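S.K.: show me how the following folds:
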Amino acid sequence: MNRYAILSVAIAGLFFAPLIVAVWPSEGMRTRDLGCSKVTSPRAAAICQSVSASMKWTWLGHAIIAPGWRVEWSSLRRAYCESNIASADIPELEKLESTRDPRLQNAAENLIQLLRPEKEDPSSIFHPGNPEYLLKQKCP
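M.R.: Predicted coordinates for the structure are as follows:
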């Protein structure tokens, strides 16, 4: 390889390396592992696993390019339906809110919101009066 080719590769590496580092998913986002194996309650663990299985790989997050596994609205609805979540699960969901993974914390909080629609603003996606209500289409 001649000097110009080596120099070109080095310059390209210097240019592209920061871009790759900037969009490389963080350790927590590269996996679907929400720490469900550490959840001691069988019901909470089952809900955790359902949330984990319903996550989707996306490239965007909060107005930035940030690839990773995320709980989207459709995956939240799927976990809700597949786990047959009911008001009796609120204590279990509250346990999940105190886990270390922010994705699971947020999912648990959102599932609680679905169980308490009367506390939601009518403009909220968690309120049955909203045209975009998450459970507008009933569970299959």
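S.K.: mind checking the end-to-end distance for stretch 77-96?
M.R.: 17 Å (CA to CA, to the nearest Å).
S.K.: for it, which positions count as buried?
M.R.: 77-83, 85, 89, 92-93, 95-96 (16 or more other CB atoms under 10 Å). Using the backbone N, CA and C atoms, a C-beta is placed for each residue, glycine as well.
S.K.: so which helix or strand of this structure has the lowest pLDDT on average?
M.R.: The least trusted helix or strand in the chain, going by mean pLDDT, DSSP states H and E, turns out to be helix 3-23, with a mean of 60.
S.K.: which residue is the nearest non-sequential neighbour of residue 78?
M.R.: Nearest residue to residue 78 in three dimensions, chain neighbours excluded: residue 54, at 4.3 Å (CB to CB, 6 or more residues apart in numbering).
S.K.: give me every residue that touches residue 76.
M.R.: For residue 76, the contact set (CB atoms under 8 Å, 6 or more residues apart in numbering) comprises 51, 54, 107, 110, 111, 114, 134.
S.K.: these in helices, which ones?
M.R.: Among the contacts of residue 76, DSSP state H puts 51, 54, 107, 110, 111, 114 in helices.
S.K.: and the gap between the first one and residue 130?
M.R.: The reference is to residue 51. Applying CB to CB, to the nearest Å, the value for residue 51 to residue 130 is 22 Å.
S.K.: same check on the fourth one?
M.R.: The span separating residue 110 from residue 130 equals 14 Å under the rule CB to CB.
S.K.: neighbour count: these two, which is higher?
M.R.: More crowded of residue 110 and residue 130, by other CB atoms under 10 Å: residue 110, with 21 against 16.
S.K.: show me what contacts that one?
M.R.: Residue 110 sits next to 71, 76, 126 when contact means CB under 8 Å, 6+ apart.
S.K.: residue contacts, the first one?
M.R.: The contact partners of residue 71, taken as CB under 8 Å, 6+ apart, are 51, 54, 55, 79, 103, 106, 107, 110.
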